[in-house]
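S.K.: Predicted model and sequence follow; I will ask about them next.
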Amino acid sequence: MDNQTTVLVVDSDARQREIIYQALEGMGLHILITRSIYEALDRIERLKIDILIAPLKEERIDGLKLLEAAQQQNPDIGVIFLTLPNVLETDIGIRAMLHHETSYFVPKPPNPVHLKALLRKILEKQRLTLENRQLQSQIDEKKGLIRLTGHSPKIQEIRAVIAQVAPTRATVMIRGERGTGKELVARAIHDRSLRRGQLVIFNCAALTESLAESELFGHERGAFTGAYHQRKGKFEAANGGTLFLDEVGELRLSNQARLLRVLAEKEFERVGGNKTIQVDVRIVCATNRNLEERVEQDSFMVDLYDRLNVISIYLPLLRERKEDIPLLVNAFIEEFCQENGKGLKTITSRALRTLMKYDWPGNVRELKNCIEGMVVMSNSSELDLDDLPDRVLKSSGISPSLIFSVPGAESPIPSSPRMNVEVGMSLEEIEKEVIQATLRHAKNNKAKAARILNVSKRTIFRKINQYGLCDN
């Protein structure tokens, strides 16, 4: 039954219920028949309804109210309203068409052939929606999980945990320093859950206490100065999906209390409103703070901590899994070459070794930014030492100003009586003299000088500017 489409039929007329049941029978559907709005609401509260068939409006049944309740559990629900003649010209008919554009309207009594055709149309649309969502999830995962690339034991363990927790409803707390990929793990959990709603992201540290409350729970018109319109919050936007609370440790206590209530009761009111809104939202949160210490300091509610910390995923620092750096580097090079319309580049072994010696305090995010800069600025098909940022070179004991003297670099310098190198000169003075002599030999052809010195043109121009070399 889990794989069957559930259809809820609501009608007080026994004859019409029979017509509808006979029309749906044999289509492989899980059919639920109810006679009143109270029976229907009870079923909606306990089950996820895929298709609703109900009167648009009659004495004891309000189809719009049923639809709104069912959408709380399933935003993608299909609906067929049973209507009386000319009902679409009334206020309720116009309201239904305006607010529920995907609704279908069938005159009473329903024609079985017409009803079956509409059911097939709804089923096909829902199938395509699910396939598109799954395909997009695969595309997003391929692109997003690039930062989780690697064969290190820690990354393999994280992948296994994601695969295990994603299909569940469990709340997940992702811990790790900045740049370790907490948002990417949250996306992977949501994508693999196949929840029909969207992933909504909220940075808890970005707003003041009052603005955070409005952003999370929405507000009614006139709730405060500047609230000119009703606005839905992140919880409503994430209904049926996942809400990712980044930096959750920065939430103020009043916001924590409201969040705890939503987690416990799955309902809330907008700021300035009294209408209770029910939601089905999965919470994934992230923090780089020690929440246990904040609990002890009474700056984080222990009850909220317990509800958020059902499953914990700890993300390692990049320097703790350096064996993954070559795979990450190659993946980033491919990504940024494609993104910037450049031919595929490679990286030299000495440049890669230098990247692996660096401690990466900004973790994978810093590595990503580093590779992006190298790809964008390089005019060569090969990334080498002179493409690396100065901070990375210095971490390996390589002075950026002495890049030509790196062991292993072949720098065929032409003999020249005009190159004056003497004992006691500094290495920088020698480098300046070598570059100037090479430029004279190449008749000031920067590209030729770069080839002779086995460096990029960018480095030649940088050195000319650094040493104030003249063009002749």
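M.R.: All right, it came through fine.
S.K.: so what's residue 257 closest to, chain neighbours aside?
M.R.: Using C-beta to C-beta, 6 or more residues apart in numbering and skipping the chain neighbours, the partner closest in space to residue 257 is residue 301 (6.9 Å). To be clear about C-beta, it is placed using only N, CA and C from the backbone, and glycine gets the same treatment.
S.K.: Could you do residue 392 as well?
M.R.: Going by C-beta to C-beta, 6+ apart, residue 392 has residue 358 as its nearest residue, at 4.9 Å.
S.K.: what about the one you found, distance to residue 373?
M.R.: The gap separating residue 358 from residue 373 is 14 Å, by C-beta to C-beta, to the nearest Å.
S.K.: more neighbours, these two?
M.R.: Neighbour count, other C-beta atoms under 10 Å: between residue 358 and residue 373, residue 358 has more, with 22 against 14.
S.K.: and the residue nearest to residue 257, how many neighbours does it have?
M.R.: Applying other C-beta under 10 Å, we find 18 residues neighbouring residue 301.
S.K.: Mind pulling up the pLDDT for it?
M.R.: Predicted confidence (pLDDT) for residue 301: 96.
S.K.: Could you measure from it over to residue 252?
M.R.: Taken as C-beta to C-beta, the span from residue 301 to residue 252 is 11 Å.
S.K.: Over to residue 30?
M.R.: 45 Å.
S.K.: Ok, residue 296 next?
M.R.: Distance, residue 296 to residue 252, using C-beta to C-beta: 18 Å.
S.K.: quick one, which of the two is more surrounded?
M.R.: A side-by-side neighbour count of residue 296 and residue 252, using other C-beta under 10 Å, places residue 252 first with 15 against 11.
S.K.: burial of the closest residue to residue 389 other than its chain neighbours, as a residue count?
M.R.: In space, and not counting its chain neighbours, residue 389 is closest to residue 370: 6.0 Å by C-beta to C-beta, 6+ apart. Look at residue 370: counted by other C-beta under 10 Å, it has 21 neighbours.
S.K.: so who does residue 370 touch?
M.R.: Residue 370 sits next to 355, 388-389, 392 when contact means C-beta atoms under 8 Å, 6 or more residues apart in numbering.
S.K.: quick one: which helix or strand includes it?
M.R.: Using DSSP states H and E, residue 370 maps to helix 363-377.
S.K.: same question, residue 330
M.R.: Applying DSSP H and E, one finds residue 330 within helix 325-339.
S.K.: Please spell out which residues along that helix are buried.
M.R.: 325-326, 328-329, 331-333, 335-337 (16 or more other C-beta atoms under 10 Å).
S.K.: can you list the weak-confidence ranges in this protein?
M.R.: Applying pLDDT under 70 to the chain flags residues 1-3, 85-102, 133-148, 399-424, 470-472.
S.K.: per-domain residue ranges of this structure.
M.R.: Domains of the chain are assigned by automatic domain parsing as 6-129, 150-314, 319-467.
S.K.: contacting residues for residue 209?
M.R.: With C-beta under 8 Å, 6+ apart, residue 209 has these contacts: 252, 254-255.
S.K.: Among the residues you listed, which are located in strands?
M.R.: Nothing among those maps onto strands, per DSSP state E.
S.K.: From these, pick the one nearest residue 195.
M.R.: Residue 195 has its nearest neighbour among those in residue 255, at 24.1 Å by C-beta to C-beta.
S.K.: which residue sits closest to the closest one in space, ignoring its chain neighbours?
M.R.: Computed as C-beta to C-beta, 6+ apart, the closest residue to residue 255 that is not its neighbour in sequence is residue 212, at 5.3 Å.
S.K.: Enumerate the positions of the helix or strand where that neighbour lies that are buried.
M.R.: Assessed by DSSP H and E, residue 212 sits inside helix 209-217. For helix 209-217, a neighbour-count test (16+ other C-beta under 10 Å) marks 212-217 as buried.
S.K.: With stretch 348-367 instead?
M.R.: 350-352, 354-355, 358, 360, 362-367.
S.K.: so what's residue 114 up against?
M.R.: Contacts for residue 114 (C-beta under 8 Å, 6+ apart) come out as residue 106.
S.K.: no wait, residue 295
M.R.: Counting by C-beta under 8 Å, 6+ apart, residue 295 touches 301-302, 305.
S.K.: What is the neighbour count of residue 444?
M.R.: By the criterion of other C-beta under 10 Å, residue 444 has 14 neighbours.
S.K.: so how far is residue 456 from it?
M.R.: Distance, residue 444 to residue 456, by C-beta to C-beta: 17 Å.
S.K.: how far does stretch 280-291 stretch from start to finish?
M.R.: Distance across stretch 280-291, first residue to last, is 26 Å (C-alpha to C-alpha, to the nearest Å).
S.K.: try stretch 285-295
M.R.: One end of stretch 285-295 sits 16 Å from the other (C-alpha to C-alpha).
S.K.: Pull out the buried positions in that stretch.
M.R.: Using 16+ other C-beta under 10 Å as the test for burial, stretch 285-295 gives 285-288, 291, 294-295.
S.K.: ok, now stretch 23-36?
M.R.: Neighbour counts over stretch 23-36 (16+ other C-beta under 10 Å) mark 23-24, 29-35 as buried.
S.K.: so how far is stretch 335-350 off the chain centroid?
M.R.: Using C-alpha atoms, centre = their mean, to the nearest Å, the mean C-alpha position of stretch 335-350 is found 24 Å from that of the whole chain.
S.K.: For it, list the C-alpha coordinates in CSV.
M.R.: Below are the C-alpha coordinates for stretch 335-350, written out as CSV (Å, rounded to 0.1, in the frame of the first residue of the first chain):
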residue,chain,number,x,y,z
GLU,A,335,34.1,22.5,-12.4
PHE,A,336,35.6,25.9,-12.8
CYS,A,337,37.0,25.2,-16.3
GLN,A,338,33.5,24.3,-17.4
GLU,A,339,31.9,27.2,-15.6
ASN,A,340,34.3,29.8,-17.1
GLY,A,341,34.4,28.4,-20.6
LYS,A,342,38.1,27.4,-20.4
GLY,A,343,39.6,24.2,-21.8
LEU,A,344,40.3,21.5,-19.3
LYS,A,345,43.5,22.2,-17.3
THR,A,346,45.8,20.0,-15.4
ILE,A,347,48.0,20.6,-12.4
THR,A,348,51.7,19.8,-12.0
SER,A,349,52.8,17.4,-9.3
ARG,A,350,54.9,20.0,-7.6
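S.K.: So what angle separates the directions of the helix holding residue 370 and helix 325-339?
M.R.: Counting by axes from the mean of the first three to the mean of the last three C-alpha atoms, to 10 degrees, helix 363-377 points 50 degrees away from the direction of helix 325-339.
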